[in-house]
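# Here is the input, now give the coordinates:
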Amino acid sequence: MTDKQKSAALILQGHSDYNSLSGLNHELALAFRARGLEPILVDLTDGQQAQSTLTTAFSEYGKERILAAFSFSGMGVQIEDDGQNLWAKLGIPVLTWLLDHPAYFMLRQSYPASCVMRLYNIKDFLNFQRDYVKAPLRSAYCPLGAMSYGKEPKRREPKKGEEPVILFPKSLGKPSVLEERWSYLPAVMQRIIRDTIDHYWGETPRSGSAANSVLAAGDAACIELRNDMPLFCFFIAQVDNYMRGRKSHILAKELLKLPVRIYSKEQPDFDTEGARAMIMNPLTYDKMMDMTHDAAAVINVNPNIDDHMHDRVYSALGCGAMPVTDINPWWREHYPELLPYSYDFRGPTVTAAIERILADPAAASEAGWNAGVRMRAERSMNTVVDEAVEWALMMRYFTFNFTSPVEGFIRHGE
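As a prediction, the model looks like this:
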């Protein structure tokens with residue numbers, strides 16, 4: 001492909017904790033470049049620089065050879081110029097991966113611009129969009145893939161007597177802060193939250209969404225929440241956030257007695273005296289990826305989902321490390337060989353999973369490596385970009401009725 005034929009993809013960059021979205025954008029850029037599209041980073045934190053970047057991109061490529069703008073977590077989709085969506089005005093579709101439950105940042109789930117397409121990396125979230133949010137325009141399922149930050153995955157070769165490096169990078173949150181805030185709510189709202197937590201922890205597998213538990217608690221309180229999106233999503237977001245924090249605390253407390261490196265900006269709210277684990281400050285995404293390339297295992301706590309995995313699992317398998325994650329139906333179906341190194345919040349404990357790694361690091365390394373080989377073959381970030389390009393082409397031709405030939409863009413099989 002000559003320079004005159006080469007096409008580009010815009011990548012929208014904003015601020016995020018630990019530069020996590022920057023890291024995902026880096027993964028995306030590597031995959032675009034591998035597929036023959038020039039990634040152009042648009043820094044939305046600097047308006048003047050963003051405008052200059054866009055001006056240069058349109059000058060060099062023209063609208064016909066800019067495939068689309070891509071982002072994570074809804075970054076940049078709501079930018080307007082003189083009351084009109086910027087991307088609609090420019091004639092460029094924007095596709096964004098929404099990485100969390102739709103109960104958070106609701107406007108990004110339903111922003112009314114025909115040039116915006118929502119990509120969900122978790123099918124549970126897409127299903128909630130379909131069943132409850134029911135936002136018009138386009139949504140699709142496009143999960144992430146194995147990530148390695150541009151480095152080749154490395155096969156572990158444990159040395160006898162050497163203690164394997166096991167990482168637990170996870171914000172522990174502050175469940176007690178939420179509990180304090182709830183004490184100021186009306187009594188009926190406090191009851192619904194309390195009953196939701198009891199239902200989720202007692203009547204479910206403790207892995208999936210809190211939505212059904214919220215509905216059960218609402219029904220018990222004689223309030224209909226299915227068609228009351230603001231209140232329904234308020235309860236889901238409160239309990240979802242709380243349960244994720246509680247799960248992280250349960251895990252961290254159990255891991256204290258094991259040789260694990262815990263990275264969190266919040267200090268545990270329990271006694272850590274005599275702990276064998278090291279509790280350390282959080283790392284940026286790129287530094288954590290560097291450590292993941294060398295670690296024997298990376299411990300993960302999923303969001304409250306049943307139908308996929310957190311991106312940390314993709315990073316571990318992409319780099320050649322063993323992911324030690326909580327079991328949900330998707331994991332049980334797709335990676336049964338790693339169940340001995342997994343845990344849940346009802347039965348198998350994380351202690352048993354870590355002790356299995358410590359007892360036989362070589363076997364754990366082999367199991368993790370083989371699972372990573374399979375994931376990298378079945379779904380890499382290049383595969384993700386292949387799918388995203390197809391969705392973007394659909395958006396270009398359906399939304400803007402472009403007449404330029406598709407040969408300028410990378411397609412499946414090329």
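# Got the domain ranges for this structure?
By the assignment in automatic domain parsing, the chain contains the domains 7-145+380-408, 166-378.
# I'd like to know which of those is closest to Pro153.
Closest to Pro153 of these, according to Cβ to Cβ: domain 166-378, at 3.9 Å. Heads up, the C-betas are built off the backbone N, CA and C, glycines and all.
# Identify each buried residue in the helix or strand containing His249, please.
Secondary structure from DSSP states H and E places His249 in helix 229-255. By 16 or more other Cβ atoms under 10 Å, the buried positions in helix 229-255 come out as 229, 232-249, 251-255.
# follow-up on the earlier one: can you say which of the domains of the chain is nearest to Lys151?
Per Cβ to Cβ, nearest to Lys151 of the domains of the chain: domain 166-378, 5.8 Å.
# for the closest one, how far is the first residue from the last?
Using Cα to Cα, to the nearest Å, the end-to-end distance of domain 166-378 comes to 26 Å.
# before we move on, what about stretch 255-268?
Taking Cα to Cα, stretch 255-268 runs 12 Å from one end to the other.
# Also stretch 15-23?
Terminal-residue distance, stretch 15-23 (Cα to Cα): 11 Å.
# For that stretch, which residues meet the burial criterion?
By neighbour count with 16+ other Cβ under 10 Å, stretch 15-23 contains the buried residues Ser16, Tyr18, Asn19, Ser20, Leu21, Ser22, Gly23.
# Stretch 384-400 now?
Going by neighbour count (16+ other Cβ under 10 Å), the buried part of stretch 384-400 is 384-393, 395-396, 399-400.
# Over to stretch 256-273?
Buried residues in stretch 256-273 (16+ other Cβ under 10 Å): Leu256, Leu258, Val260, Arg261, Ile262, Tyr263, Ser264, Glu266, Pro268.
# and if you look at stretch 106-115?
Met106, Arg108, Gln109, Ser110, Tyr111, Ala113, Cys115.
# likewise stretch 360-369?
Within stretch 360-369, the residues that count as buried by 16+ other Cβ under 10 Å are Pro361, Ala364, Ser365, Ala367, Gly368, Trp369.
# tell me the mean pLDDT for that stretch?
In this model, stretch 360-369 has a mean pLDDT of 97.
# so how far is that stretch from its chain's centroid?
In terms of Cα atoms, centre = their mean, to the nearest Å, the centre of stretch 360-369 is found 26 Å from the chain centre.
# Stretch 270-290 now?
21 Å.
# could you give the mean pLDDT of it?
Averaging pLDDT along stretch 270-290 gives 89.
# Between the two ends of that stretch, what distance do you get?
30 Å.
# Is it correct that Gln129 is in contact with Ser139?
Yes. Contact status for Gln129 versus Ser139: in contact at 5.3 Å, counting by Cβ atoms under 8 Å.
# hey, what's in contact with both of those two?
Common neighbours of Gln129 and Ser139, counting by Cβ atoms under 8 Å, 6 or more residues apart in numbering, are Arg118, Tyr120.
# pLDDT of stretch 378-389, averaged?
Per-residue scores along stretch 378-389 average to 96.
# Run a quick neighbour tally on the closest residue to Gly245 other than its chain neighbours.
What sits nearest to Gly245 in space, not counting adjacent residues and going by Cβ to Cβ, 6 or more residues apart in numbering, is Gly173, at 3.1 Å. By the criterion of other Cβ atoms under 10 Å, Gly173 has 19 neighbours.
# and Ile40, that one's in a strand?
Yes. Using DSSP: H, G, I helix; E, B strand; the rest coil, the assignment for Ile40 is a strand.
# okay but it is in contact with Leu10, surely?
Yes. Judged on Cβ under 8 Å, Ile40 makes contact with Leu10 at a distance of 5.3 Å.
# Compare the two and say which is more crowded by neighbours.
Neighbour totals were compared for Ile40 and Leu10, and Leu10 leads with 24 against 19 (other Cβ under 10 Å).
# Make sure that one is indeed in a strand.
Yes. Counting by three-state DSSP, one finds Leu10 located in a strand.
# quick one: the strands in the stretch 151-300 of the chain?
Ranges of strands in the stretch 151-300 of the chain, per DSSP state E, counting those that start in this stretch, are 166-169, 261-263, 278-280, 297-300.
# packing partners for the helix or strand encompassing Ala57?
Taking DSSP H and E as the criterion, Ala57 maps to helix 47-61. Contacts defined by 3 or more Cβ pairs under 8 Å, 6 or more residues apart in numbering; DSSP states H and E place helix 47-61 against strand 7-13, strand 37-43.
# for the ones you listed, which one sits closest to Thr325?
Of all the helices and strands packed on helix 47-61, strand 7-13 sits nearest to Thr325, with 28.1 Å by Cβ to Cβ.
# buried sites along the helix or strand that that closest one is followed by?
Downstream of strand 7-13, the next assigned helix or strand under DSSP H and E is helix 20-34. Along helix 20-34, these residues count as buried under the neighbour rule (16+ other Cβ under 10 Å): 20-32.
# Distance from helix 20-34 to the middle of the chain?
14 Å.
# tell me which strands and helices it is in contact with?
Using 3+ Cβ pairs under 8 Å, 6+ apart: helix 20-34 touches strand 7-13, strand 37-43, strand 66-72, helix 285-294, helix 381-399.
# Reformat the helices and strands packed on helix 47-61 as TSV; add mean pLDDT and distance to Ile122.
Output for these, formatted as TSV (pLDDT from 0 to 100; distance: least, Cβ to Cβ, whole Å):
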stretch	mean pLDDT	distance to Ile122
strand 7-13	96	21
strand 37-43	96	24
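# Let me know which of the ones you listed is the nearest to Tyr343.
When the helices and strands packed on helix 47-61 are compared by Cβ to Cβ, strand 7-13 sits nearest Tyr343, at 35.2 Å.
# Strand partners (parallel or antiparallel) of that closest one?
On the basis of DSSP bridges, the sheet neighbours of strand 7-13 come out as strand 37-43 (parallel), strand 66-72 (parallel).
# ranking those strands by burial, who's on top?
Most buried of the strands paired with strand 7-13, by mean neighbour count (mean count of other Cβ atoms under 10 Å): strand 66-72, with a mean of 26.
# what's the very next helix or strand once past that strand in contact with?
Moving toward the C-terminus from strand 66-72, the next helix or strand (DSSP H and E) is strand 80-81. Residues outside strand 80-81 that contact it (Cβ under 8 Å, 6+ apart): Leu86, Lys89.
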